[in-house]
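Enquirer: sequence first, then the predicted structure, then my questions.
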Amino acid sequence: MPPPKRNKYLSSSLSTRDLIVKVAEQLIATHGVEGLKLKDVTKEIGIQLPSLYAHFAGRSAVLIEIGKRICEGIVADFDKIENLPPREALIEHTRLMVRRYTTNRAHVLVLLADFAAPQGIDALNANEAILYPYYERLSAMLERGRQDGLFKTIAREEFIANRLGIILVNIAFASLKTGVFTKKQAVRLEENVLAQIDFMLTES
């Protein structure tokens, strides 16, 4: 017997495509990236596999869409802070990233999977072009901070990798099993990350 259409998502204002991504992220948050199965997505939403395939070619395409949203989130947060002085801008961008990831365990697990793979994973590799303009803007900000005596000399790639590593490691250690944070835990985690980023930028 086919599952009921949209069941608990019947009143959702999201499109079917966005619902597929939302439920896929919920399943990743619970079961990890490797545990994502399209049949579980369709069962949760209450649609048949052909309905899912009308929006995504397969599991890899769903993960690539999630990777796209991760990259777009990084850029969107940077857009909010670019006009701040360099040090304040990077601290605030880091703060926004921490808040984004402490409320989206799926994105953390996708990023950790990318870190663990020597060549990265398709979900993010397929979307790297989204980040190219951000990379250039970040390079300019790091250089301005260096010229103003605010930062030590640090390569853009080193900063990106180290900052993301610091954020992900802090999140993983703080709540490895559930990814759920109390307000107090989230504040403490943010403070720890910002202190480590400040040290990375300024200490020789």
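Expert: Yep, it's here. This one's a predicted model, so the numbers in the text were calculated from it and none came from an experiment. Numbers count the residues shown, from 1 in each chain.
Enquirer: and this protein, what are its domain boundaries?
Expert: Domain ranges of the chain: 7-53, 68-202, per automatic domain parsing.
Enquirer: what residues are up against residue 39?
Expert: When contacts are counted by CB atoms under 8 Å, 6 or more residues apart in numbering, residue 39 touches residue 49. C-beta here means a position set from N, CA and C on the backbone, and glycine is covered the same way.
Enquirer: number the residues from 12 up from this point.
Expert: Happy to do that; since the first residue is 12 now, the last one works out to residue 50.
Enquirer: quick one, helices of this protein?
Expert: Under the criterion DSSP state H, the chain carries helices at the ranges 27-42, 49-56, 60-64, 70-92, 97-112, 116-127, 133-136, 143-158, 167-185, 194-213.
Enquirer: possible to save these as CSV with mean pLDDT?
Expert: Shown next, in CSV, are those (pLDDT from 0 to 100):
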stretch, mean pLDDT
helix 27-42, 95
helix 49-56, 95
helix 60-64, 95
helix 70-92, 97
helix 97-112, 95
helix 116-127, 93
helix 133-136, 96
helix 143-158, 96
helix 167-185, 90
helix 194-213, 91
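Enquirer: residues contacting the closest residue to residue 192 other than its chain neighbours?
Expert: Once flanking residues are discounted, residue 192 sits nearest to residue 113: 5.2 Å by CB to CB, 6 or more residues apart in numbering. When contacts are counted by CB under 8 Å, 6+ apart, residue 113 is found next to 182, 192, 197, 200-201.
Enquirer: residue 113 and residue 136, how far apart?
Expert: Using CB to CB, to the nearest Å, we find residue 113 at a distance of 25 Å from residue 136.
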